[in-house]
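Peer 1: take a look and give me a structure for this.
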Amino acid sequence: MKRAQIRYLVPAMIALLILPGCIVRSVHSWVKDDSIVFEEDLLGGWTGAAGDGENVAMTFVRGADNNYIVQYSDKESHGIFEGKLAKFGTDYYMDFRPKEGADGVDGMLLFPMHTVARLEIGSGQLSLSMLNYDALKSAAKLDRLRDLKFTWEEDELLITSSSSDLERFLLGLGRDSKLYSEPIRLARRK
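Peer 2: The predicted model follows:
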């Protein structure tokens, strides 16, 4: 193994141990391929703050097959993701997974998992509400995830349902569901 590969491997392994509990992870996409849409208004750079006040920057560029390449950074982390956007009524949802072949820690994951956010796209404003890992984990322990299939990986929740079931679950949540984290609020970068 080359020295450069080892330099990235150690932080990647640390990230794998620390990060899994931070986001809701799924084996399959949260949106079906036939639900994918593309919104030009999402393209470009966005900056703002997460619910805890931490500065966040995101950039959306056009990827293949009406998907997005999403660059994310905050004070402690960064990553490049593939995003699939779906629209149901007036609600948008984006499935994220680490981009294959991306440089750095985020590109080192051997089995990229999916996560999801509900988006509100406005004129020059963007709000992303991720599913709240702790709330979903508590619901799973109480067997309150409706028909979702899941497993436990060293006491960490891993959703194993199909994309159809995941999409149905999202559509069953209300906009103000307690299963969402505080939104990340962004404004278009000028």
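
Peer 1: in the chain, which spans are helices?
Peer 2: Listed in chain order, the helices of the chain (DSSP state H) span residues 3-18, 133-141, 163-172.

Peer 1: mean pLDDT for those helices: which is lowest?
Peer 2: Ranked by mean pLDDT, these bottom out at helix 3-18, with a mean of 36.

Peer 1: beta-bridge partners for G83, please?
Peer 2: Here G83 sits in beta bridges with Y68, F96, as judged by DSSP bridges.

Peer 1: right, I mislabeled it, should have said L157
Peer 2: Partner residues in beta bridges with L157, using DSSP bridges, are W152.

Peer 1: can I assume it is in contact with F150?
Peer 2: Yes - if you go by Cβ atoms under 8 Å, L157 and F150 touch, sitting 5.9 Å apart. Quick note: C-beta positions are derived from backbone N, CA and C, even for glycine.

Peer 1: joint contacts of the two?
Peer 2: When contacts are counted by Cβ atoms under 8 Å, 6 or more residues apart in numbering, L157 and F150 are jointly contacted by A140.

Peer 1: and these two? Which one has more around it.
Peer 2: Counted by other Cβ atoms under 10 Å, L157 and F150 do not tie: L157 has more neighbours, with 22 against 19.

Peer 1: now S73, nearest residue through space, not along the chain?
Peer 2: Nearest residue to S73 in three dimensions, chain neighbours excluded: A57, at 5.0 Å (Cβ to Cβ, 6 or more residues apart in numbering).

Peer 1: kindly report the same for L171.
Peer 2: Computed as Cβ to Cβ, 6+ apart, the closest residue to L171 that is not its neighbour in sequence is F88, at 5.8 Å.

Peer 1: okay, now that neighbour: neighbour count?
Peer 2: 13.

Peer 1: could you give the bridge partners of it?
Peer 2: The partner residues for F88, given DSSP bridges, come to D91.

Peer 1: surely it and K32 touch.
Peer 2: No - using Cβ under 8 Å, F88 is not in contact with K32, being 11.0 Å away.

Peer 1: tell me what the residue nearest to S73 is bridged to.
Peer 2: T47, S73.

Peer 1: and for it, the neighbour number?
Peer 2: Neighbour count for A57, taken as other Cβ under 10 Å: 15.

Peer 1: hang on, the earlier thing: ok now do the residue nearest to L171, which residues does it touch?
Peer 2: By Cβ under 8 Å, 6+ apart, the contact set of F88 is 35, 170-171.

Peer 1: nearest to G48 among those residues?
Peer 2: L170 (23.3 Å; Cβ to Cβ).

Peer 1: check contacts around that closest one.
Peer 2: Taking Cβ under 8 Å, 6+ apart as the definition of contact, the neighbours of L170 are 30-31, 88, 93, 116, 118.

Peer 1: which of the residues you listed fall in strands?
Peer 2: Using DSSP state E, 88, 93, 116, 118 are the members of these that sit in strands.
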